[in-house]
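Student: Need coordinates for the following:
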Amino acid sequence: MNHFALHDAAIFTVDPDNRVIPRGTLIVEDGRIIAVGPSDEVIIPPGMPVIDASGHALLPGLIDAHSHSSLMRGVTENMQLMEWLPWYQLEHRALTEEYAYHSARLCYLEALKSGTTCVMDMYRFMARCADAAGEIGLRVNLAPYVADAPGKDFFATRAENRALIHSHHGAQNGRIQVWMGLEHLFYCTPDAYREALQCQADYGVG
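Tutor: Below you'll find the predicted structure:
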């Protein structure tokens, strides 16, 4: 639905004055907000679908700027760091695409439930994470863990990252964005950094 009115919500505008409208109406046309204000001042066009939002709050979507949706979900929650690290080293080698998909889907649903509508996600099997985000409608920036230094080749490869850019960058009407995801300064060779710069030039990715 790309045109509707949300009526009688408590609206947190986060505008320059941080206005809070206790009983407000917001109108969307062609997927864009065209009006917001007190309900007794905003005129709803005839025939427009109206959602009664009384008793609810409306606020802009939150942004999670650092997430690892599929990182050991359901395995190591609430562990202390030194207990967690050995499991983390094993996880890189044990994670499967299917596990990554279901973990990402669960994390993205939890994000939406909390009001988070955009996630910067970093780890592995990002194509499956993109599938999960696309199904749910979440906006994601995906940065795979990429490493090519000796002994670190259990991460995603540069070729896999470039393939992900080709297959998913700009997908879902631009909701899915892909970065070149170099995992760690010491896990990557100079070739990896050169390729990251080339991808930035070729595709405009982060």
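Student: could I get the helix or strand of the chain with the lowest mean pLDDT in PDB with only the CA atoms?
Tutor: When each helix and strand of the chain is scored by mean pLDDT, DSSP states H and E, helix 81-94 comes last, with a mean of 74. Provided in PDB are the C-alpha atoms of helix 81-94 (Å, rounded to 0.1, in the frame of the first residue of the first chain):
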ATOM      1  CA  LEU A  81      34.300 -13.000  26.400                       C
ATOM      2  CA  MET A  82      37.100 -15.500  27.200                       C
ATOM      3  CA  GLU A  83      34.600 -18.400  27.200                       C
ATOM      4  CA  TRP A  84      33.100 -17.100  23.900                       C
ATOM      5  CA  LEU A  85      36.300 -16.700  21.800                       C
ATOM      6  CA  PRO A  86      37.100 -20.400  21.200                       C
ATOM      7  CA  TRP A  87      33.500 -21.000  20.000                       C
ATOM      8  CA  TYR A  88      33.900 -17.900  17.800                       C
ATOM      9  CA  GLN A  89      36.900 -19.400  16.100                       C
ATOM     10  CA  LEU A  90      35.000 -22.700  15.400                       C
ATOM     11  CA  GLU A  91      31.900 -20.800  14.200                       C
ATOM     12  CA  HIS A  92      33.700 -19.400  11.200                       C
ATOM     13  CA  ARG A  93      34.300 -22.900   9.900                       C
ATOM     14  CA  ALA A  94      31.000 -24.400  11.000                       C
END
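Student: Please tell me the pLDDT value assigned to the nearest residue to Asp153 once chain neighbours are set aside.
Tutor: In this structure, Asp153 finds its nearest non-sequential neighbour in Ala147, 6.9 Å apart by C-beta to C-beta, 6 or more residues apart in numbering. Quick note: C-beta positions are derived from backbone N, CA and C, even for glycine. Reading off the confidence values, Ala147 has pLDDT 90.
Student: Now for Ala147: which residues touch it?
Tutor: Residues near Ala147 by C-beta atoms under 8 Å, 6 or more residues apart in numbering: Asp153, Phe155, Ala156, Leu182, Glu183, His184, Tyr187, Cys188, Ala192.
Student: okay but the fifth one is in contact with Tyr145, surely?
Tutor: What it means is Glu183. Yes - in this structure, Glu183 is within contact of Tyr145 by C-beta atoms under 8 Å, at 4.1 Å.
Student: list residues touching both of these two?
Tutor: In contact with both Glu183 and Tyr145: Phe155, using C-beta under 8 Å, 6+ apart.
Student: Let me know the secondary structure of Ile21.
Tutor: With DSSP: H, G, I helix; E, B strand; the rest coil as the basis, Ile21 sits in strand.
Student: Tell me how many other residues surround the closest residue in space to it that isn't next to it in sequence.
Tutor: Nearest non-adjacent residue to Ile21, counting by C-beta to C-beta, 6+ apart: Ile11, 4.3 Å away. By other C-beta atoms under 10 Å, the residues close to Ile11 number 25.
Student: How about Arg194?
Tutor: Neighbours around Arg194, by other C-beta under 10 Å: 11.
Student: again with Thr157
Tutor: Thr157 has 14 nearby residues by other C-beta under 10 Å.
Student: ok, now the one 5 residues further on?
Tutor: Summarising burial for Arg162: neighbours were counted as other C-beta under 10 Å, giving 19.
Student: again with Ser67
Tutor: Applying other C-beta under 10 Å, we find 20 residues neighbouring Ser67.
Student: Appreciated, that's everything.
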